[in-house]
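**Student:** Provide a 3D model corresponding to the input given below.
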Amino acid sequence: MINTVKGNIVSRKIAILAADGVNGGSVAIMKDAVKKAGATAFVIAPHLGSITTESNETIAVDESYLTAASVLYDAVYVPGGNASVHAVAAESNAIHFLNQSFKHCKAIAADTDAHLVLQNTYFANELPSEDDQSPEAHGLLIGANTPKLAKLFIAAIGQQRFWEREVIRRVPA
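**Tutor:** Reported below is the predicted structural model:
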């Protein structure tokens, strides 16, 4: 895997972990950015059907936390939105999804508002500061500017995996 061509995210699958009350603008920006780069984003939520954004718009749900497995996705994004963040943070299946994604060395991005979700993971002590937002930051990115975060996230996904995490091996997922 060390010889894997890096930089390209064509055909990659990106999981977006959300719930009712999500920041719909952040979801749209991230979905559009990864689509333009050749990947596909899938919304994973507590239930199938749709979720409602902070501004009462609906977003179609592709999978529920009960049926989605992190091994089927190449990267994970957690958008903001107060109600969504609290619901995702309380959802053990979503936290498990993130823990497995970290263990499997995948890129993980989150809006600054979603920091609470990441604080509930086993890798919370590995989170970078907002000043350290390079793809080399173990593939963990947190930011308030969604277009900038999307650009950094796409670059991180293009790295394929962050193998230096295998040394850590502290995630029991």
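**Student:** mind checking how far the worst-scoring helix or strand of the chain on mean pLDDT is from the chain centre?
**Tutor:** Ranking every helix and strand in the chain by mean pLDDT, DSSP states H and E puts strand 140-143 at the bottom, with a mean of 92. Averaging C-alpha positions (CA atoms, centre = their mean, to the nearest Å) puts strand 140-143 9 Å from its chain's average.
**Student:** go on, stretch 83-94?
**Tutor:** Using CA atoms, centre = their mean, the offset of stretch 83-94 from its chain centre is 13 Å.
**Student:** likewise stretch 81-95?
**Tutor:** Centroid separation for stretch 81-95 versus its chain: 13 Å, with CA atoms, centre = their mean.
**Student:** what's the end-to-end length of that stretch?
**Tutor:** 17 Å (CA to CA, to the nearest Å).
**Student:** need the three-state assignment for the residue most central in space within the chain.
**Tutor:** For the chain, the residue lying nearest the average C-alpha position, counting by CA atoms, centre = their mean, turns out to be Tyr77 (1.8 Å). Under the three-state scheme (DSSP: H, G, I helix; E, B strand; the rest coil), Tyr77 adopts strand.
**Student:** how close does the residue nearest to Gly49 when sequence neighbours are not counted get to Leu17?
**Tutor:** Nearest in space to Gly49, with sequence neighbours left out and distances taken as CB to CB, 6 or more residues apart in numbering, is Val61 at 5.9 Å. For the C-beta atoms, the positions are set from N, CA and C on the backbone; glycine is no exception. For Val61, the distance to Leu17 (CB to CB, to the nearest Å) stands at 11 Å.
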